[in-house]
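[1] Sharing a model prediction with you, sequence too.
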Amino acid sequence: MGIHRSPPFASATGFIVTAAQFATPTSCATCRFPPFLCTNVRILGSTRLPPAVAAKRPSSYNPRGSTARGDSMRRWQRICVFCGSSHGRTHRYADEARRTAHALRHAGLELVYGGGSIGLMGVLADEMLALGGKVTGVIPYGLASKEIVHQGLTHLELTPSMHARKAAMAELSDGFLALPGGFGTFEELFEAITWSQLGIHAKPIGLLDVDGFFEPLLKLVDHAIDEQFIPAAQRGLLVVGTDPAELLAQMHDWSPPSVRRWLSAPDL
């Protein structure tokens, strides 16, 4: 594959490239990426990139082929997984990340995740790829240039910022699943919940509670409900389970709770 071949598809938040295009030994002195990234990967809406990278911008289209929220035409094709960039204290976390990959593959689902090669992110992606599954990584330009990006992915989408990264992951996915992780995982999880609460999307959000990891967090949510900061019905925005396959099945059958949503389609 020539390094100047155009990436396979684009979205409003970035350009998706193949792993074969990414894996080239040389790099550009301006942007530190392989030459094809300088030539072909343009990131929409970016003012933070080097001029050589930001100069050309692609025409955008939705890779989902439907609305970004996808509420009116529910699909079940790709699941966005949030998880840690560390392995955690015990092997159980990595074991469950691998089990999640098997559950996704068995269900015929593709993986969308943060594009990293380290921690549970790397374990999950490696296992999914070893099983023959499709994996799309979404990572900001700055992190990708630090060489923590996974170089064996089916597709890689580069974004100009962390905010654009989360928007792209949401756009590409039909549901969200959180595995154990740290502040980044918590932030991604709660933003997905907040977007559902506001009416920005109506996609299932799962929580894989490995050995009680999320019990303190769920107690905090219940405390906020008791203190009347969260409506009780909105507890149903979260689907919680301990088995990846069963949790994915519950997410597939999930329906949004009947709660007031602050935003509607004309507001978005």
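    Yep, that arrived.

[2] Sketch out the low-pLDDT regions of this protein for me.
    Scanning the chain for pLDDT under 70 picks out the ranges 1-74, 147, 259-268.

[3] Please, where are all the strands along the protein?
    9-11, 14-17, 78-82, 110-113, 135-140, 155-159, 176-178, 205-208, 238-241 (DSSP state E).

[4] Let me know which of those strands is the nearest to Thr194.
    strand 205-208 (10.4 Å; Cβ to Cβ). (Glycine included, C-beta is placed from N, CA and C.)

[5] quick one, phi psi at Thr242?
    With angles defined as degrees, to the nearest 10, Thr242 sits at phi -120, psi -10.

[6] and the gap between it and Gln151?
    33 Å (Cβ to Cβ, to the nearest Å).

[7] swap in Leu129?
    Taking Cβ to Cβ, one finds Leu129 at 11 Å from Gln151.

[8] The two - which one has more neighbours?
    The residue with more neighbours, out of Leu129 and Gln151, is Leu129; 18 against 14, by other Cβ atoms under 10 Å.

[9] check contacts around the more buried one.
    135, 152-154 (Cβ atoms under 8 Å, 6 or more residues apart in numbering).

[10] Just the closest of those residues to Thr194, please.
    Val135 (26.3 Å).

[11] for that closest one, what are its contacts?
    Listed by Cβ under 8 Å, 6+ apart, the contact set of Val135 reads 110-113, 125, 128-129, 150, 153-155.

[12] what two of those have the greatest distance between them?
    Taking Cβ to Cβ, no two of the contacts of Val135 sit farther apart than Glu110 and His150, at 14.9 Å.

[13] More neighbours: which of the two?
    A count of neighbours by other Cβ under 10 Å puts His150 above the other of Glu110 and His150, at 23 against 19.

[14] His91 versus the nearest residue to Leu179 once chain neighbours are set aside, what's the distance?
    Distances taken as Cβ to Cβ, 6 or more residues apart in numbering put Cys83 closest to Leu179, at 3.8 Å, once the chain neighbours are dropped. Cys83 sits 15 Å away from His91, going by Cβ to Cβ.

[15] Isn't Gly206 up against Asp253?
    No. Between Gly206 and Asp253 there is no contact under Cβ atoms under 8 Å: 11.6 Å.

[16] which one of the two has more residues nearby?
    Gly206 (24 against 9).

[17] Who are the contact partners of the more buried one?
    175-178, 238-241, 247-248, 250-251.

[18] would you turn those into CSV with distance to Pro216 and neighbour count?
    Output for those, formatted as CSV (distance: Cβ to Cβ, whole Å; neighbours: other Cβ atoms under 10 Å):
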residue, distance to Pro216, neighbour count
Gly175, 24, 25
Phe176, 20, 27
Leu177, 19, 29
Ala178, 14, 25
Leu238, 14, 20
Val239, 18, 21
Val240, 13, 16
Gly241, 17, 17
Leu247, 19, 21
Leu248, 24, 25
Gln250, 22, 15
Met251, 22, 21
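
[19] Going by distance to Ala192, which of these wins?
    The closest of the contacts of Gly206, once distances to Ala192 are taken by Cβ to Cβ, is Phe176, at 4.6 Å.

[20] Contacts only, for that closest one.
    Neighbours of Phe176 in contact, by Cβ under 8 Å, 6+ apart: 79-82, 170, 189, 192, 203-206.

[21] out of those residues, who has the most neighbours?
    Going by other Cβ under 10 Å, Val81 tops the contacts of Phe176 with 30 neighbours.

[22] just checking, it touches Leu177?
    Yes. Counting by Cβ under 8 Å, Val81 touches Leu177, with 4.9 Å between them.

[23] shared neighbours of the two, anything?
    Thr100.

[24] I'd like the distance between the residue nearest to Leu208 when sequence neighbours are not counted and Asp226.
    Excluding the flanking residues, the one nearest Leu208 by Cβ to Cβ, 6+ apart is Leu179, at 5.1 Å. Here the criterion is Cβ to Cβ. By it, Leu179 lies 27 Å from Asp226.

[25] What of Leu143?
    Leu143 is 38 Å from Asp226, by Cβ to Cβ.

[26] ok, back up a step: make CSV from the contacts of Gly206 and add distance to Met162 to it.
    Below are these laid out as CSV (distance: Cβ to Cβ, whole Å):
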residue, distance to Met162
Gly175, 21
Phe176, 16
Leu177, 19
Ala178, 17
Leu238, 23
Val239, 25
Val240, 26
Gly241, 28
Leu247, 26
Leu248, 27
Gln250, 29
Met251, 25
